[in-house]
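> predicted coordinates and the sequence they were generated for:
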Amino acid sequence: MCGHSELAPVDPDNGYRIALLRPEITKVLRLYQSALRSFGWILKGFPRRLYNAMRRLRWRRLPIGGGLLLAVLMLCGARADAESVPLPEPDLVGDMTLEQALYGRRSVRSFQDRALTLEQVGQLLWAGGGVTADGVSGPTRTAPSAGGLYPISLYLVAGEVEGLEPGVFVYRWDRHDLQRIAAGDARRELSDAALGQRAVAEAPASIVLGAAYDRTRRRYGRRGVERYVHIDAGHAAQNVGLQAQTIGLTSVMIGAFDDNAVANRLNLRTVPIYILPVGYSR
């Protein structure tokens, strides 16, 4: 609904543009863009004649001041989305070095019966594909992607997470929140779809990576499907695994499962690539 604002060149002769914004400005812009996106979504729920009238007025092309006014009106009058769960801001200063995380990382398949916190879940999802800073061409994210296409989506299969009802959620990286796509504890059924692997049923939560192959196929063809998408998935999964290590958790990468069974049970619109159970090692 709302694209990224263009920044004037620092030097018109060489066309160099500012790549990163100051953190304070970045937060304001992200809030502004998110508000306008939400406003557009709510607007579509209005009577069709009103929506068409607003389109004729080209409300999206209003100056920043007008856009901010609309955003304020939206924030004051719109009801909260009951299906979305905001996540705590990610911690950018950890207690463990990268070298320590690399050295200590292990694949663990046995987990304690101990719940995760919403902070831990948010940190893991952010590591897999969250925003780090807004650049001119778009948000910079924690993992690279071929052509900046980002075909990988992250889903949370929550069983025991403090402050979160059991269910399946998609991680919305641009808002750093969760949106529920299926209700109920799906861990046992996900384990069945993963050939009965106990780690999936025992872990308090699993992060599932799903791929939208067409997004990469349109630009890169067969090579994008057979190589680039899977490379992207590896980037995200490794980030999650290392982040788990830094916050006292363990994980394991699982690729043996029935694709259709996983997608159907979790209500996915993408093709599942990875299942990453996460929790405290037993």
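That came through, no problem. Numbers count the residues shown, from 1 in each chain.

> how many neighbours does residue 175 have?
By other CB atoms under 10 Å, 18 other residues sit near residue 175. The C-beta positions use only the backbone N, C-alpha and C, and glycine is treated the same way.

> how about residue 89?
Residue crowding around residue 89 was assessed by other CB under 10 Å; the count is 12.

> wait, is it part of a strand?
No: under DSSP: H, G, I helix; E, B strand; the rest coil, residue 89 sits outside any strand and is assigned coil.

> does it touch residue 176 like I think?
Yes: between residue 89 and residue 176 a contact is recorded at 7.4 Å, counting by CB atoms under 8 Å.

> quick check: neighbours shared by those two?
Counting by CB atoms under 8 Å, 6 or more residues apart in numbering, the residues touching both residue 89 and residue 176 are residue 122.

> shaky segments in the stretch 1-150 of the chain?
By pLDDT under 70, the low-scoring segments of the stretch 1-150 of the chain are 1-82, 134-138.

> change it to 50
Per-residue confidence for the stretch 1-150 of the chain (pLDDT under 50) gives these ranges: 1-26, 29, 36-56, 58-62, 69, 71-80.

> what segments of this protein are helices?
Assigned by DSSP state H, the chain shows helices spanning 23-43, 48-56, 64-77, 98-104, 118-129, 187-193, 198-202, 213-223, 229-246, 259-266.

> mind listing what's buried along the shortest one?
Within helix 198-202, the residues that qualify as buried by neighbour count (16 or more other CB atoms under 10 Å) are 199, 200, 201, 202.

> over to stretch 181-195?
When burial is assessed from 16+ other CB under 10 Å, stretch 181-195 yields the following buried residues: 181, 182, 185, 186, 187, 189, 190, 191, 192, 193, 194.

> could I get the residues you listed as TSV with pLDDT and distance to residue 255?
Formatted as TSV, the buried residues of stretch 181-195 follow (pLDDT from 0 to 100; distance: CB to CB, whole Å):
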residue	pLDDT	distance to residue 255
181	97	22
182	95	22
185	97	23
186	97	18
187	98	18
189	97	18
190	98	14
191	98	15
192	97	16
193	97	12
194	98	9
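
> out of those residues, the closest to residue 272 would be?
residue 193 (8.8 Å; CB to CB).

> what about stretch 218-229, average pLDDT?
Looking at stretch 218-229 alone, the average pLDDT works out to 97.

> quick one, what contacts residue 120?
Neighbours of residue 120 in contact, by CB under 8 Å, 6+ apart: 247, 249.

> before we move on, what about residue 131?
The neighbourhood of residue 131, defined by CB under 8 Å, 6+ apart, consists of 30, 139, 140, 141, 142, 173, 174, 176.

> and for the residue nearest to residue 245 when sequence neighbours are not counted, the neighbour number?
Leaving out its chain neighbours, the residue that sits closest to residue 245 by CB to CB, 6 or more residues apart in numbering is residue 101, at 4.5 Å. In terms of burial, residue 101 registers 17 neighbours under the definition other CB under 10 Å.

> what about the residue nearest to residue 239 when sequence neighbours are not counted, neighbour count?
Closest residue to residue 239 in three dimensions, ignoring its sequence neighbours and counting by CB to CB, 6+ apart: residue 127, at 4.5 Å. For residue 127, the count of nearby residues is 23 (other CB under 10 Å).
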